[in-house]
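[1] Please find the sequence and the predicted model below.
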Amino acid sequence: MSISIADGVIDGVTIQKTITEELIPYDETPADANHKAHIVNPPMNLHIWRPGMEGQDIVDLARLTGTEIMALCGFKFVPKRNPDKYDACDVCMKIAGHILSQE
C-alpha cells in the first residue's frame with residue numbers, strides 16, 4: 001500500500017511524498033463490548049493532515065506511524081482494529097449527520 005501526501009507547494013508545483021509500506025495487520029484480539037468504530041474529520045487532526053488528505057488517509061497514516069488521532073466525538077486513539085467489525089459510534093454519527101446537513 002502507498003499513501004501519497006502533499007508536502008508543500010513551491011512556485012505553484014505541489015511536492016508529493018509517497019510512503020510505501022505494508023500496513024500493520026489489524027489487532028484481532030477481542031475488544032470490549034463498548035468498542036465502536038469512529039469517524040475522523042481532517043480539521044480535528046491537523047498534526048497529521050496534509051493538503052488533499054481525507055479522513056481515511058489520516059486513519060491509514062496514523063495506523064502506519066502509530067500516531068494518535070481524534071474522532072468527531074472527541075475520542076483519541078491510535079487506529080489498530082478493523083472498523084468494519086464494530087458498530088459506528090452514535091455520537092460520531094450524529095455529528096457527521098449535522099455536518100453533512102450544513103453543506
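    Looks like it arrived, so ask away.
[2] from here on, contacts and neighbour counts on C-alpha atoms
    OK.
[3] how about the longest helix seen in the chain: buried residues?
    Longest helix in the chain, counting residues (DSSP state H): helix 90-102. Of the residues in helix 90-102, those scored as buried under the neighbour-count criterion (16 or more other CA atoms under 10 Å) are C92, A96.
[4] neighbouring contacts of it?
    H38, I39, A71, L72, C73 (CA atoms under 8 Å, 6 or more residues apart in numbering).
[5] now, which of those residues sits nearest M53?
    Distance to M53, by CA to CA, is smallest for I39 among the contacts of helix 90-102, at 14.5 Å.
[6] Burial check on the spatially closest residue to the closest one that is not a sequence neighbour, number of neighbours?
    The shortest distance from I39 to any non-neighbouring residue, by CA to CA, 6 or more residues apart in numbering, is to A71 (5.4 Å). Burial of A71 is recorded as 20 neighbouring residues (other CA atoms under 10 Å).
[7] Give me the pLDDT for A71.
    With respect to pLDDT, A71 scores 94.
[8] measure it to R81 for me?
    According to CA to CA, to the nearest Å, A71 stands 14 Å off from R81.
[9] swap in L61?
    The gap separating L61 from R81 is 14 Å, by CA to CA.
[10] ok, back up a step: which one of the contacts of helix 90-102 has the most neighbours?
    Neighbour counts for these were taken using other CA under 10 Å; the highest belongs to H38, with 24 neighbours.
[11] Hmm, that residue is touching L72, no?
    Yes. With contacts defined as CA atoms under 8 Å, H38 counts as touching L72 at a distance of 7.4 Å.
[12] For the protein, which segments are assigned as helices?
    In order along the chain, the chain carries the following helices (DSSP H): 55-65, 90-102.
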